[in-house]
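Visitor: Quick check, what structure comes out for this input:
(one chain, ligands or ions: 1)
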Amino acid sequence: MSQQLTLALSKGRIFEETMPLLRAAGIIVSEDPETSRKLILQTNDPDVRVIIVRASDVPTYVQYGAADFGVAGKDILLEHGGGGLYQPIDLNIARCRMSVAVSAGFDYARAVRHGARLRVATKYTETARQHFAAKGVHVDLIKLYGSMELAPLVGLSDAIVDVVSTGSTLRANNLVEVEEIMQISSRLVVNQAAMKMKRERLAPILAAFERASAAKQ
Ligand code: AMP
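Guide: Modelled structure (predicted):
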């Protein structure tokens, strides 16, 4: 196995909040994915490159070894299942929460009390399934791939399960957060073979990430 390292990141908050951690490890990414259309970004270290993939694809690239390591939200990792991945560090970045939200006029507590069967639209079907099963609430899950907030507004569902940060997207769409399922943050994930075969190369980067994320606490 070559000692070249490939790091999988998604655009947006995860990319932005990983940059200071990389800098702490002496690695500077030479291009900005928001302005460049390149999917493979070089760094100041000729042996380290960054690939830009969809957030939900990060665990897959790392699992199969196409990337040696990556950064993915707990929301994404729970849906993926985490097979084939080491999760050595909670980086405590891209923090948000996974919540249940409904239209402002919908009495969620009453529906739950009365044992109503709820239609729930979400991208996070695995997390939602486990959450409602644990509460003993019967749900029909409707899988969506984006803009969950629209579903209750047009009668596709009674509720949504989505990640919430400031809550302004919910407010803008007249939705109310009725239940927090869990706190979410992003974790470092490492390919299990790379962890063994590239340990020497990876260890100092992982240590720098750990120090930098602990210092932020
Ligand atoms: P907000 O309006 O700040 O509550 O942000 C909510 C919207 O941004 C939702 O549509 C989420 O899908 C998305 N979002 C916010 N934070 C995150 C995060 N840490 N990871 C993924 N998506 C997020």
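Visitor: From now on I want contacts and neighbour counts done on CA atoms only, so please keep to that.
Guide: Will do.
Visitor: okay, now Ile27: neighbour count?
Guide: Using other Cα atoms under 10 Å, Ile27 is surrounded by 17 other residues.
Visitor: Identify the residue spatially nearest to the most centrally placed residue in the chain, adjacent ones excluded.
Guide: Closest residue to the average C-alpha location of the chain: Gly73 at 2.4 Å, with Cα atoms, centre = their mean. Among residues not flanking Gly73 along the chain, Ser186 sits closest, at 3.9 Å (Cα to Cα, 6 or more residues apart in numbering).
Visitor: part of a strand, is Ile184?
Guide: Yes: remark: Ile184 belongs to a strand, assigned using DSSP: H, G, I helix; E, B strand; the rest coil.
Visitor: got the contact list for it?
Guide: 73-75, 94-98 (Cα atoms under 8 Å, 6 or more residues apart in numbering).
Visitor: Among those residues, which are located in helices?
Guide: 74-75 (DSSP state H).
Visitor: Name the member of the contacts of Ile184 with the most neighbours.
Guide: Gly73 (25 neighbours).
Visitor: So the residue nearest to the centre of the chain sits against Ser185, correct?
Guide: Yes: with contact defined as Cα atoms under 8 Å, Gly73 counts as touching Ser185 (5.6 Å).
Visitor: what sits in contact with each of the two?
Guide: Counting by Cα under 8 Å, 6+ apart, the shared contacts of Gly73 and Ser185 are Ala94.
Visitor: chain center to the helix ranked longest in the chain: distance?
Guide: Using DSSP H, we find that the single longest helix of the chain is helix 199-216. Remark: helix 199-216 is offset 20 Å from the chain centroid, using Cα atoms, centre = their mean, to the nearest Å.
Visitor: helices or strands up against that helix?
Guide: Contacts defined by 3 or more Cα pairs under 8 Å, 6 or more residues apart in numbering; DSSP states H and E place helix 199-216 against helix 13-24, strand 85-103.
Visitor: Please consider this matter closed, and thank you.
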